[in-house]
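**Student:** Got a sequence here, can you model it:
(chains A, B, C and D)
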Protein chains: 2
Amino acid sequence: MREGLIAAGLELARAGGPDAVVLREATRIVGVVPNAAYRHFADRDELLAAVCEAAMARLGDRMAAEVARVPGERGDGDADAAFGRMAAVGMAYLEFAREEPGLFATAYALPDQHPYAVPVGVTGPDASPLGQLRAGLDELVEVGLLDAGRRAGIEFPVWSTVHGLAVLLGQGPLRGAPEQDRRMLTDRVLGFIGEGLLTAAAAPDA
Amino acid sequence: MREGLIAAGLELARAGGPDAVVLREATRIVGVVPNAAYRHFADRDELLAAVCEAAMARLGDRMAAEVARVPGERGDGDADAAFGRMAAVGMAYLEFAREEPGLFATAYALPDQHPYAVPVGVTGPDASPLGQLRAGLDELVEVGLLDAGRRAGIEFPVWSTVHGLAVLLGQGPLRGAPEQDRRMLTDRVLGFIGEGLLTAAAAPDA
DNA sequence: TCAGCTATGTGGACGCTGTCCACGTTGCTA
DNA sequence: TAGCAACGTGGACAGCGTCCACATAGCTGA
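**Tutor:** Residues are numbered from 1 along each chain as shown, chains lettered A, B, ... in the order given. Below is the predicted model:
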């Protein structure tokens, strides 16, 4: 039933973002009285936190699926494939934000009392969006597309840039932009990252 | 009284972000009955929209003030000053987000029904944050720090990057990071922008 | 001068929300 | 078999956004 409430909350979040995750409605979907939720969550924020985690996992899944579609395997030294996987990481992030704005917003709406677990210093890849970005960057170094000396910490500028675009386009001032403008903005931003990232004259065709 | 409600809403937003802008509380601060607000705003969202606009104006003011502190004047051809103003634009944005997280979040929390006015195609500078960024970039071109051919549309990658960092640090997964990490992240991100922006070997000391 | 209109604030109510308390019920355990 | 822990129920409360009917004040036009 705990899972049922989270699933219900996820549907609400999908349709209306984090504010739409209303405890009573979630219990109504599950077919139970509002107070029953308090056997599984201390309060609405704890339910929301669980839903946020689930939404973040969805984002991670989407990214992993998109990366898996790129031919070849990690570590085979194929520069084109490595570049392709890096591009897939960024594109999947932006596509998820575009196609599931409610879930994307919810993924980043963890209540203040529930801290995120983002080890800034640690660099190991994992299933989280940041972890997948790190894996992609590591591979870029392996195949020689990214200077090893510039690798440390570079995930944060890259993340910031893509995340900023996703937010500006999805919920921010750019949200009303027509499709044509959206595409242009996306191209420019991804191009900017590419320039800042890749060793000069090493970039495959974007 | 309309202004009074907006001012009250601004205080609430400062303390607790857009969700804290509750209509009844605002009227209580002004010393009036809840329904009185409906003489000036169609509903709570319209009040919130006005508060958001005001918060965005605060951000613009802060940026303008910070830019004005840089010695010299726009258009005098001083490359150091131009670079300093560009840096001031970015730093002011990040400082505002850090010092006034509630207002910063509110500035970007305009309700869905109230569209932002951001002309993507237009390039003229104005008092808005984006306008000030554009002015800074234009000046960079004037003094030769930025290739004229790379100017068009470059404001969006830059904006995205700075905005993304502000969001990740302020409300996102990085919000719990200790001061030392915050500074490192900020340096890296601003450095990344500098690399992507400035004509090679033209960058003054950051 | 006075009738009437418009703008603005008041009072009371409704349904919705999150949350608390006291109460049943079920099923396992000693 | 007695008791206990887990879980769902029912009823209540305050706070919220919002609607309706009402009062009042100030200006306008005859």
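**Student:** For stretch A:93-110, give the mean pLDDT please.
**Tutor:** The average of the pLDDT scores along stretch A:93-110 is 98.
**Student:** Quickly check: that stretch near DNA strand C or not.
**Tutor:** No. Legend: contact between stretch A:93-110 and DNA strand C by CB under 7 Å from any atom of the strand is lacking; minimum distance shown is 13.9 Å. For the C-beta atoms, the positions are set from N, CA and C on the backbone; glycine is no exception.
**Student:** So which bits of that stretch are buried?
**Tutor:** For stretch A:93-110, burial by neighbour count (16 or more other CB atoms under 10 Å in any protein chain shown) applies to A:93-97, A:100-110.
**Student:** now the end-to-end length of that stretch.
**Tutor:** One end of stretch A:93-110 to the other measures 18 Å (CA to CA, to the nearest Å).
**Student:** for stretch A:104-114, same thing?
**Tutor:** With CA to CA as the measure, stretch A:104-114 spans 18 Å from end to end.
**Student:** still on that earlier bit, with respect to DNA strand D, which of the buried residues of stretch A:93-110 is nearest?
**Tutor:** Of all these, A:A109 has the smallest distance to DNA strand D: 19.0 Å, by CB to the nearest atom of the strand.
**Student:** Tell me where the model's unsure across chain A.
**Tutor:** Scanning chain A for pLDDT under 70 picks out the ranges A:122, A:199-206.
**Student:** For it, which segments are assigned as helices?
**Tutor:** A:2-16, A:23-30, A:44-68, A:79-99, A:101-107, A:129-142, A:155-170, A:179-197 (DSSP state H).
**Student:** neighbouring contacts of the first one?
**Tutor:** Defining contact as CB atoms under 8 Å, 6 or more residues apart in numbering or on different chains, one finds that helix A:2-16 is touched by A:20-22, A:25-27, A:29-30, A:37, A:40-41, A:47-48, A:50-51, A:54-55, A:58, A:100, A:102-103, A:105-106.
**Student:** The residues you listed: which ones sit near DNA strand D?
**Tutor:** A:H40.
**Student:** Against B:I6, how distant is whichever residue of chain A sits closest to chain B?
**Tutor:** Closest approach of chain A to chain B (CB to the nearest CB) occurs at A:G164, with a separation of 2.7 Å. A:G164 is 28 Å from B:I6, where distance means CB to CB, to the nearest Å.
**Student:** A:V162 now?
**Tutor:** Distance from A:V162 to B:I6, by CB to CB: 34 Å.
**Student:** These two: which has the busier surroundings?
**Tutor:** A count of neighbours by other CB atoms under 10 Å in any protein chain shown puts A:V162 above the other of A:V162 and B:I6, at 25 against 21.
**Student:** tell me the contacts of A:A65?
**Tutor:** A:A92.
**Student:** now do A:M56
**Tutor:** A:107-108, A:128-129.
**Student:** Mind picking the two most distant members of those?
**Tutor:** Spatially, the most separated pair among these is A:Y108 and A:S128, at 12.5 Å (CB to CB).
**Student:** Share the number of residues neighbouring the residue lying closest to A:A105 once chain neighbours are set aside, please.
**Tutor:** Leaving aside its sequence neighbours, A:A105 sits nearest to A:G17 (CB to CB, 6 or more residues apart in numbering or on different chains; 4.5 Å). Neighbour count for A:G17, taken as other CB under 10 Å: 20.
**Student:** Looks like A:G17 contacts A:T106 (just checking).
**Tutor:** Yes. At 6.1 Å, A:G17 counts as touching A:T106 under the criterion of CB atoms under 8 Å.
**Student:** who's in contact with the closest residue to A:V167 other than its chain neighbours?
**Tutor:** Excluding the flanking residues, the one nearest A:V167 by CB to CB, 6+ apart is B:V167, at 5.7 Å. Taking CB under 8 Å, 6+ apart as the criterion, B:V167 is in contact with A:108, A:163-164, A:167, B:97.
**Student:** Relative to B:P125, how far out is B:V167?
**Tutor:** B:V167 sits at a distance of 24 Å from B:P125 (criterion: CB to CB).
**Student:** Identify the residue spatially nearest to the residue sitting furthest away from the middle of chain A, adjacent ones excluded.
**Tutor:** Largest separation from the mean C-alpha position in chain A: A:V33, at 33.7 Å (CA atoms, centre = their mean). Nearest residue to A:V33 in three dimensions, chain neighbours excluded: A:T27, at 6.6 Å (CB to CB, 6+ apart).
**Student:** Same check on A:P173?
**Tutor:** B:Y116 is the one closest to A:P173 (CB to CB, 6+ apart), at 3.8 Å.
**Student:** burial count for the one you found?
**Tutor:** The burial count for B:Y116: 17, using other CB under 10 Å.
**Student:** Hmm, A:G176 and it touching each other?
**Tutor:** Yes. Here B:Y116 reaches A:G176: they are 6.6 Å apart, a contact under CB under 8 Å.
**Student:** which bits of chain A sit near DNA strand D?
**Tutor:** Residues of chain A lying near DNA strand D (CB under 7 Å from any atom of the strand): A:1, A:32-36, A:39-40.
**Student:** ok, which of those residues also contact DNA strand C?
**Tutor:** Among the residues of chain A next to DNA strand D, proximity to DNA strand C is found for A:34-35 (CB under 7 Å from any atom of the strand).
**Student:** Now, of the residues of chain A next to DNA strand D, which are buried?
**Tutor:** Buried members of those, scored by 16+ other CB under 10 Å: none.
**Student:** Tabulate the residues of chain A next to DNA strand D (TSV), appending distance to B:E142.
**Tutor:** Shown next, in TSV, are the residues of chain A next to DNA strand D (distance: CB to CB, whole Å):
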residue	distance to B:E142
A:M1	64
A:V32	66
A:V33	67
A:P34	62
A:N35	66
A:A36	66
A:R39	66
A:H40	61
